[in-house]
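Visitor: for reference, the sequence and a predicted model appear below.
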Amino acid sequence: AERGPALEVRDLTTRYGPVTALNTVTVRARPGEITAVLGANGAGKTTLLRTISGLVRGSDGSVLLGERDLTRAPAEAIARAGVAHVPEGRGVITELTVEENLRLGDLLGARRADRRYHLADVYDLFPALAERRRREANSLSGGERQMLVIARALLSGPEVLLLDEPSLGLAPRIVARIFGILRDLVDRDGLTVLLVEQNARSALSIADAGFVLNLGRVVAAADARTLAADDELRHAYLGF
Ligand code: ATP
């Protein structure tokens, strides 16, 4: 029998005071796939990730990790349940070295019996980080910082990886490299990724499925190829 979604958001509504950022949003990420969440600035993509990981509270709807209801769980419990959130803006700790940043993820991962990645694994995945392991994180390029926060999240032992705009401000060549590594991880290890992107073209090139948000509502949901082939949808919402 087919397995259910690894992560399921059902009829989620999230408000900031009078602003309804998400309006009865349903999004599912199947296990071992990359699911893209696309849409323009302000569509609600960041709010979706922040609600899933418990950083903001939904007013209605539910969030399920497998069978487990995380809807009202505190952020720390959600992280411990296996949801790793890599926020927009690459929050590395700039005064620490690359390796010290990675050890923070490693500390979290040490609590998980089923962890897949150790320090040596992420250095294999991202050789640039291995070369710079003793450098302060503030010496890294934007692409290397993005690799560092992804590597740190992998070390925490996630079942589901939430990525907020990893391509932002990076050269296309670097985006292609990072997305290629993500695709390999998903194919090789069965990792589940929910990928928020404004860069719909690149995201759809590696995603299995996608959801398009506009003004807090899901306006399209399909496999990635179908979304990428839909001229009207691309022009109206995806910007390519
Ligand atoms: P971006 O690409 O800018 O991150 P997004 O698709 O992620 O855009 P959100 O950041 O989730 O969109 O914002 C959705 C809506 O909620 C927008 O109208 C935004 O102005 C509003 N919003 C977001 N954060 C807050 C907040 N802390 N207080 C009030 N309104 C907010």
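Guide: Thanks, I have the structure now.
Visitor: quick one: G105 and P158 touch, right?
Guide: No - when contacts are counted by CB atoms under 8 Å, G105 is not listed as touching P158 (9.6 Å). The way it works is simple: take the backbone N, C-alpha and C, and place the C-beta from them, glycine included.
Visitor: and for the worst-scoring helix or strand of the chain on mean pLDDT, what are the contacting residues?
Guide: Within the chain, no helix or strand scores below helix 98-109, which has a mean of 91 by mean pLDDT, DSSP states H and E. The contact list for helix 98-109 (CB atoms under 8 Å, 6 or more residues apart in numbering) reads 79-80, 92-93, 115, 117-119, 122, 129, 132-135, 137, 140, 148, 151-157.
Visitor: buried ones in that helix?
Guide: V98, E99, N101, L102, G105, D106, L108, G109 (16 or more other CB atoms under 10 Å).
Visitor: for stretch 182-195, same thing?
Guide: For stretch 182-195, using 16+ other CB under 10 Å, the buried residues are L182, R183, L185, V186, L191, T192, V193, L194, L195.
Visitor: in a strand, that's where the fourth one is, yeah?
Guide: No - V186: not assigned to a strand; according to DSSP: H, G, I helix; E, B strand; the rest coil it is helix.
Visitor: which residues of the protein lie near the ligand?
Guide: Taking CB under 6 Å from any ligand atom, the part of the chain that reaches the ligand is made up of Y16, V19, A21, G39, N41, G42, A43, G44, K45, T46, T47, Q198.
Visitor: dump these to a markdown table, plus secondary structure.
Guide: Listed next are these as a markdown table, based on three-state DSSP:
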| residue | secondary structure |
| --- | --- |
| Y16 | strand |
| V19 | strand |
| A21 | strand |
| G39 | coil |
| N41 | coil |
| G42 | coil |
| A43 | coil |
| G44 | coil |
| K45 | helix |
| T46 | helix |
| T47 | helix |
| Q198 | coil |
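Visitor: please enumerate the strands of this protein.
Guide: Along the chain, counting by DSSP state E, strands occupy 7-16, 19-29, 34-38, 60-65, 68-69, 83-86, 160-164, 192-197, 209-214, 217-223.
Visitor: and these, which is most packed in?
Guide: Ranked by mean neighbour count under mean count of other CB atoms under 10 Å, the strands of the chain are led by strand 34-38, which reaches a mean of 27.
Visitor: now do it: distance to the chain's middle.
Guide: The chain centroid and the centroid of strand 34-38 are separated by 9 Å under CA atoms, centre = their mean, to the nearest Å.
Visitor: ok so, going back, any chance of the strands of the chain in CSV with mean pLDDT as columns?
Guide: As requested, the strands of the chain are arranged in CSV below (pLDDT from 0 to 100):
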stretch, mean pLDDT
strand 7-16, 98
strand 19-29, 98
strand 34-38, 98
strand 60-65, 97
strand 68-69, 96
strand 83-86, 96
strand 160-164, 97
strand 192-197, 98
strand 209-214, 98
strand 217-223, 98
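Visitor: these: which one's closest to S53?
Guide: Distance to S53, taken as CB to CB, is lowest for strand 83-86 among the strands of the chain, at 4.2 Å.
Visitor: give me the sheet partners of the closest one and which way each runs.
Guide: Paired neighbours of strand 83-86 in the sheet (DSSP bridges): strand 160-164 (parallel).
Visitor: what's the neighbour count on the closest residue to G239 other than its chain neighbours?
Guide: Nearest residue to G239, sequence neighbours excluded (CB to CB, 6 or more residues apart in numbering): A200, at 6.4 Å. Using other CB atoms under 10 Å, A200 has 24 other residues around it.
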